[in-house]
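**Student:** please find the sequence and the predicted model below.
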Amino acid sequence: MIRIRIPATSANLGAGFDCLGLAVNLYNYIDMEESDKVDISSSDGTWVPTTTENMIYSSAEHLYNLCGKKLEGLKIIQENNIPMTRGLGSSSACIIGGLVGANTLLGSPFSNEELVNIASDLEGHPDNTTPALLGGIVTAVLDENKVYWVKQEVQNALKFVAIIPDFKLSTAMARECLPKEVTHMDARFNLSRAALFSASLLQGKYENIKIAVNDRLHQPYRIKLINHAQEVFDKAYELNAYGAYISGAGPTMMAIVDGNDNDFVVKLRKYLGNLQLDGWEIKELSIDNQGTVVEYR
Ligand code: HSE
């Protein structure tokens, strides 16, 4: 039996739509071994698909097929800590978990470089799957079916505070609301800010982050799908966040906060309580630089 640990991810980081993402220390776990049947369960009571349509299983099967091997079955036990359909990379975690698990069971025929591309083929957006596999902050560009990427490790004590609404937002719906075309001015606005983000994060120029997370390609459209989002962003800045953005396709919002700030979460929690958003969750996270890890049991 192997145990695979996959981090949650936060994609886009404001202006880096479809190209920037980072991994955070919130993990799903998958126990996996070969079997003569499909035996899928969850250890935490979360409902999971138990047929070959299960995304972990189908990703593993895809990798077996790429090796020309038939997959008879797998025993899979899922522990799901990444909230589903909330913009924290739960689908990517399933895809990466399935691919890395299968690759390990087969004796690692594929390198990480190859897995980055296989995962992107399955998911479509390398800004989530690549940091889920590699950790750190990743810049990933998909060009003619190949992902060109850079992973950078982040050594800082910043907190990434995930504000997780109690409703789901599908990526498909959050992409449908985007315009087909944007102006040259808006494209330029985003290019400059996306470039500023990772350089500022890595060099510790945190005062730039507030500017770097501003975006004109997706957040102005998606924010309308997330009740109370503008109020939460305003409050985050009032409480001295370095920046706040919609995580992935939403509805989770991420605030980047000084590592020594112990008041932010207390005050934000109180604020959500005043808005009677008691079903919303707040998680204090930090960057994961390791990515997916496998342990033999
Ligand atoms: N970059 C993607 C989006 C992330 O924002 O739609 C979700 O997969």
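**Tutor:** Right, received. Where do you want to start?

**Student:** beta partners of Glu34?
**Tutor:** For Glu34, the beta-bridge partners under DSSP bridges are Leu74.

**Student:** enumerate every residue touching it.
**Tutor:** 72-75, 105 (CB atoms under 8 Å, 6 or more residues apart in numbering). Yep, even glycine has a C-beta here, placed from its N, CA and C like the rest.

**Student:** now swap in Gly89 and tell me
**Tutor:** Each residue near Gly89 by CB under 8 Å, 6+ apart is listed here: 7-11, 21, 82, 128, 131-132, 248.

**Student:** where do the strands of the protein begin and end?
**Tutor:** Ranges of strands within the chain are 2-11, 20-34, 39-42, 74-79, 137-143, 146-152, 159-164, 243-246, 253-257, 281-285, 293-296, based on DSSP state E.

**Student:** redo those strands as CSV? Include distance to the ligand and mean pLDDT.
**Tutor:** Listed next are the strands of the chain as CSV, based on distance: least, CB to the nearest ligand atom, whole Å; pLDDT from 0 to 100:
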stretch, distance to the ligand, mean pLDDT
strand 2-11, 4, 98
strand 20-34, 8, 98
strand 39-42, 23, 98
strand 74-79, 20, 98
strand 137-143, 10, 96
strand 146-152, 13, 97
strand 159-164, 15, 98
strand 243-246, 8, 98
strand 253-257, 13, 98
strand 281-285, 18, 97
strand 293-296, 22, 96
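
**Student:** so which of the ones you listed is nearest Ile96?
**Tutor:** Closest to Ile96 of those, according to CB to CB: strand 2-11, at 5.3 Å.

**Student:** go through that closest one and flag the buried ones.
**Tutor:** 3-11 (16 or more other CB atoms under 10 Å).

**Student:** got the contact list for the residue in the stretch 51-200 of the chain that the ligand sits nearest to?
**Tutor:** Closest to the ligand within the stretch 51-200 of the chain is His125: 3.9 Å, counting by CB to the nearest ligand atom. Contacts were defined as CB under 8 Å, 6+ apart; by that measure His125 touches 11, 18, 171.

**Student:** contact partners for the first one?
**Tutor:** With contact set as CB under 8 Å, 6+ apart, Ala11 has these partners: 18, 20-21, 87, 89, 125, 127-128, 131, 247-249.

**Student:** and what of the last one?
**Tutor:** Contacts for Thr171 were tallied using CB under 8 Å, 6+ apart; they are 85, 91, 125, 248-249.

**Student:** per-residue pLDDT, the closest residue to Phe110 other than its chain neighbours?
**Tutor:** Using CB to CB, 6 or more residues apart in numbering and skipping the chain neighbours, the partner closest in space to Phe110 is Asn103 (5.3 Å). With respect to pLDDT, Asn103 has a value of 98.

**Student:** equivalent analysis for Leu196, please.
**Tutor:** The model's pLDDT for Leu196 equals 97.

**Student:** and what of Gly45?
**Tutor:** At Gly45, the pLDDT value in this model is 89.

**Student:** burial measure for it, as a count.
**Tutor:** Per other CB atoms under 10 Å, the neighbour tally for Gly45 reads 7.

**Student:** and the longest helix along the chain, what does it pack onto?
**Tutor:** Of all the segments of type helix in the chain, defined by DSSP state H, the longest one is helix 184-203. Secondary-structure packing of helix 184-203 (3 or more CB pairs under 8 Å, 6 or more residues apart in numbering; DSSP states H and E): strand 20-34, strand 137-143, helix 209-212.

**Student:** show residues contacting the second one.
**Tutor:** Which is strand 137-143. With CB under 8 Å, 6+ apart as the test, strand 137-143 has contacts from 13, 16, 18-23, 116, 120, 126-127, 130-131, 147-152, 154, 198, 201-202, 287.

**Student:** filter the residues you listed down to the buried ones and hand me the PyMOL line.
**Tutor:** Here is the PyMOL selection string for the buried members of the contacts of strand 137-143, based on 16+ other CB under 10 Å:
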select buried, resi 13+16+18+19+20+21+22+23+116+120+126+127+130+131+147+149+151+154+198+201+287
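
**Student:** report pLDDT for the spatially closest residue to Leu191 that is not a sequence neighbour.
**Tutor:** With sequence-adjacent residues excluded and distances taken as CB to CB, 6+ apart, Leu191 is closest to Ala15, at 8.0 Å. Listed pLDDT for Ala15 reads 97.
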